[in-house]
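[1] sequence unknown, structure follows:
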């Protein structure tokens, strides 16, 4: 079942127990729910495992005051290209900002402009953008050889 990634990004900073986030998860086909046993971090998978919702208990220390009360807070939303991950897919959701999983680094720069950061680490080439979505950093990992998207991660701007 596809996920409205733009809507998921709107929930970054909210607790996993936030009622509207819970409704969103139900509507996205996510049946698993997080509990105190999942501390200090956990993830929920959606859209055939291609969309990862990462939760953390240390949100306040890294990003500032959470947007709702709870134990685990949505830290980031990551869309993974099934071409580069085993046992997931297909990716059926839409990426925000006009991005598509079949894009290369050149396509992305043509669409979004020059990134604030561009460089290689953790076995990939990264493009990092701030300000495209208010208070959100967009990290795009590209395959070093093909320069195709491996994943797109949406996360809060660190304080």
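    Sure, I can see it. Keep in mind that this is a model prediction, so the values were computed, not measured.

[2] Where do the helices of the chain begin and end?
    With DSSP state H as the criterion, the chain has helices at 5-10, 19-27, 59-63, 105-112.

[3] What residues of the third one count as buried?
    Looking back up the chat, that one is helix 59-63. Neighbour counts over helix 59-63 (16 or more other CB atoms under 10 Å) mark 59, 63 as buried. For glycine as for every other residue, the C-beta is placed from the backbone atoms N, C-alpha and C.

[4] Which other helices and strands does that helix contact?
    For helix 59-63, the elements it packs on are strand 73-80, judged by 3 or more CB pairs under 8 Å, 6 or more residues apart in numbering; DSSP states H and E.

[5] pLDDT of the strand it packs on, averaged?
    In this model, strand 73-80 carries a mean pLDDT of 99.

[6] cool, and stretch 32-40?
    Per-residue pLDDT over stretch 32-40 has a mean of 95.

[7] can I get the helices of the chain in TSV with mean pLDDT and distance to residue 130?
    As requested, these are exported to TSV (pLDDT from 0 to 100; distance: least, CB to CB, whole Å):
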stretch	mean pLDDT	distance to residue 130
helix 5-10	98	14
helix 19-27	98	24
helix 59-63	96	14
helix 105-112	99	11
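
[8] Just give me the residue closest to the centre of this structure.
    Ranked by distance to the mean C-alpha position of the chain (CA atoms, centre = their mean), the top residue is residue 77 at 2.0 Å.

[9] coming back round to it: buried deepest among the helices of the chain, which one?
    helix 5-10 (a mean of 19; mean count of other CB atoms under 10 Å).

[10] and it, what other elements does it pack with?
    Judged by 3+ CB pairs under 8 Å, 6+ apart, the packing partners of helix 5-10 are strand 51-56, strand 73-80, strand 149-156.

[11] Pick the most deeply packed of the ones you listed.
    On a mean-neighbour basis (criterion: mean count of other CB under 10 Å), the most buried of these is strand 73-80, at a mean of 24.
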